[in-house]
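Participant: mind looking at a prediction? Sequence and model below.
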Protein chains: 2
Amino acid sequence: MTPFVRLARPEADADCDAIGQLLHDFNVEFDAPTPPPASLAARLRTLMKTGETVVLLGHVTDTGPPIGLSVFRFRPDIWSEDDECYVAELYVVPDQRSRGLGRALMEETMAVARRRGANRIELGTEETDVQARKLYESLGFLNREGGPEGPLMYFYEREL
Amino acid sequence: MTPFVRLARPEADADCDAIGQLLHDFNVEFDAPTPPPASLAARLRTLMKTGETVVLLGHVTDTGPPIGLSVFRFRPDIWSEDDECYVAELYVVPDQRSRGLGRALMEETMAVARRRGANRIELGTEETDVQARKLYESLGFLNREGGPEGPLMYFYEREL
């Protein structure tokens, strides 16, 4: 069947539990340190309640659990009265990839961001994450400033 | 004299006006479309009042106007109860560059972020912005995932 995507509800325990489990599995898969699923469920419940963070859950069957998610966040734009959107996490469980769920999650993320009045959407990703980069680029994301001929844009970070 | 840096106060008209002018000049220098200085002053006043956005102003004389700024923002971290910090803008007027003000602004930005309880700081920049990248790298920022040998991290965006 066609993958489908829906908004997670902070008041739904099952949604929060699924988010906690998926974010935990994401960290484990990529060898990142991770809080336990229950902590992540509680944290995302808190963040969703404020409206600053939105989570979409993705399914491939009507009755099965969510097997992918998009976590995205909003902040007021500096240059206008609009918001801007930042995609923090996009994840689909390994054995369900390449079936269009990542694309469905990203398309709905952009649709939700537009409805919310965001004028821009951004994200960071690694050069080696080729599948994700192809997806983002096919959706019109660019890692070059000002157009396809512009300089590359790097994402820098450090711990504090 | 040694450059110095101080927190901008949203209730100080002169600070908001200086921020609006510097952000306007920044856009003009880089051929970006820009709102007028007064609109930017009003917008940043609003954002600073919420505490989500912090602005540092940089000076090179005790009596002169600010000639550089750092605009940075906070959001709750997903993985912990801490905040994370995002540097939105760093600017020093052209004829005052290479005198240490950019470094002073970034060092104080990191200090403010630490005091606020942020565990991480991030920013995006272009490959051609060599001076800025040198500064960030000298301050411990990395555009590679997991360490100096890791894959490059790209910043992607699109308008909505």
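Facilitator: Thanks, I have the structure now. Residues are numbered from 1 along each chain as shown, chains lettered A, B, ... in the order given.
Participant: contacts, neighbours, all on C-alpha from now
Facilitator: Will do.
Participant: so which residue is dead centre in chain A?
Facilitator: Central residue of chain A (C-alpha atoms, centre = their mean): A:Ser70, 2.9 Å from the mean position.
Participant: in terms of helices and strands, where is that residue?
Facilitator: strand A:68-76 (DSSP states H and E).
Participant: direction included, what does that strand pair up with?
Facilitator: Strand A:68-76 pairs in its sheet with strand A:53-59 (antiparallel), strand A:83-92 (antiparallel), by DSSP bridges.
Participant: among the ones you listed, show me which one is buried the most.
Facilitator: Across those, averaging neighbours per residue (mean count of other C-alpha atoms under 10 Å in any protein chain shown) puts strand A:53-59 on top, at a mean of 24.
Participant: how long is stretch A:4-18 end to end?
Facilitator: By C-alpha to C-alpha, to the nearest Å, the extent of stretch A:4-18 from end to end equals 16 Å.
Participant: all strands of chain A, in order?
Facilitator: A:4-7, A:53-59, A:68-76, A:83-92, A:118-126, A:153-159 (DSSP state E).
Participant: hang on, the earlier thing: the residue nearest to the centre of chain A and A:Tyr91 touch, don't they?
Facilitator: Yes. A:Ser70 is within contact range of A:Tyr91, at 6.6 Å (criterion: C-alpha atoms under 8 Å).
Participant: what about dumping the CA coordinates of stretch A:119-128 to CSV?
Facilitator: Output in CSV follows, covering the C-alpha atoms of stretch A:119-128 (Å, rounded to 0.1, in the frame of the first residue of the first chain):
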residue,chain,number,x,y,z
ASN,A,119,8.9,31.0,4.4
ARG,A,120,12.0,28.8,4.5
ILE,A,121,13.0,25.3,5.5
GLU,A,122,16.5,24.1,6.4
LEU,A,123,18.4,21.1,7.6
GLY,A,124,21.9,19.7,8.0
THR,A,125,23.2,16.4,6.6
GLU,A,126,26.4,14.5,5.9
GLU,A,127,28.1,14.2,2.5
THR,A,128,28.0,10.4,2.9
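Participant: which residues does it contact?
Facilitator: For stretch A:119-128, contacts defined as C-alpha atoms under 8 Å, 6 or more residues apart in numbering or on different chains pick out A:82-88, A:110, A:113, A:132-133, A:155, B:144-145, B:151-160.
Participant: now the buried members of those.
Facilitator: Neighbour counting with 16 or more other C-alpha atoms under 10 Å in any protein chain shown marks A:83-87, A:110, A:113, A:132-133, A:155, B:144-145, B:151-158 as buried within those.
Participant: what's the closest non-adjacent residue to the residue nearest to the centre of chain A?
Facilitator: Leaving aside its sequence neighbours, A:Ser70 sits nearest to A:Leu90 (C-alpha to C-alpha, 6 or more residues apart in numbering or on different chains; 4.5 Å).
Participant: what about the one you found, distance to chain B?
Facilitator: Note on A:Leu90: its distance to chain B, by C-alpha to the nearest C-alpha, to the nearest Å, is 13 Å.
Participant: list the buried residues of the lengthiest helix in chain A.
Facilitator: The helix spanning the most residues in chain A, taking DSSP state H as the definition, is helix A:13-29. Using 16+ other C-alpha under 10 Å as the test for burial, helix A:13-29 gives A:15-26.
Participant: from the contact counts, what lies against it?
Facilitator: Packing partners of helix A:13-29 (3 or more C-alpha pairs under 8 Å, 6 or more residues apart in numbering or on different chains; DSSP states H and E): helix A:37-50, strand A:68-76, strand A:83-92.
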